[in-house]
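Participant: sequence-free structure coming up:
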Ligand code: FES
């Protein structure tokens, strides 16, 4: 049986040419757009310095008997696009446990975000807003406390024998779990 090549129709050739032209044009146009987007979003890939530990106090400034003291946390805030000078970003209670251990709590009440006080006579933390109370170790002291969890403990690093570095972090209020805010 005889076979014949069927010549391409001019209309079909034109269609293929146009499709190729559109495709090449689209790719050519996308390259600078994607490059611009990468440059624009690049700061988002940078790590926020808020997550780093900051020097808060010296070990010698804490009472040896374990009574907590409140300290401001001063840090340079860096977000995706801005680097700001050192500013107060929060506060912590620090307390000494033995000679070489320090415990740190965020002063913000996990119930609804008020500042917790330390009651020296009761040796416990107390939130004046809705009467949550917390033991020295941060756990809920009074079961009637509305706070869904104990005080938010923070990571502490003791450096050079006397420097207390705290990894400061705020957590979502009103949640049973400790979720970074
Ligand atoms: S905010 Fe502390 S008990 Fe409500």
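Facilitator: Cool, the structure landed. Because the structure is predicted, anything quoted here is derived from the model rather than measured.
Participant: anything in stretch 119-131 near the ligand?
Facilitator: Yes. Shown here: stretch 119-131 in contact with the ligand (Cβ under 6 Å from any ligand atom) through 127, 129-130. Where you see a C-beta, it was placed from the backbone N, CA and C, and this is true even at glycine.
Participant: Which stretches in the protein count as strands?
Facilitator: 54-58, 69-78, 83-97, 101-106, 117-119, 124-127, 132-134, 153-159, 163-167 (DSSP state E).
Participant: Per-residue confidence, residue 8, what does it come out as?
Facilitator: The model reports residue 8 with a pLDDT of 56.
Participant: tell me the domain ranges of the protein?
Facilitator: Domain segmentation of the chain under automatic domain parsing yields 10-43, 49-167.
Participant: what about residue 14, how many neighbours?
Facilitator: Residue 14 has 10 neighbours, counted by other Cβ atoms under 10 Å.
Participant: which residues does it contact?
Facilitator: Listed by Cβ atoms under 8 Å, 6 or more residues apart in numbering, the contact set of residue 14 is empty.
Participant: same question, residue 155
Facilitator: Residues near residue 155 by Cβ under 8 Å, 6+ apart: 53, 104, 166-167.
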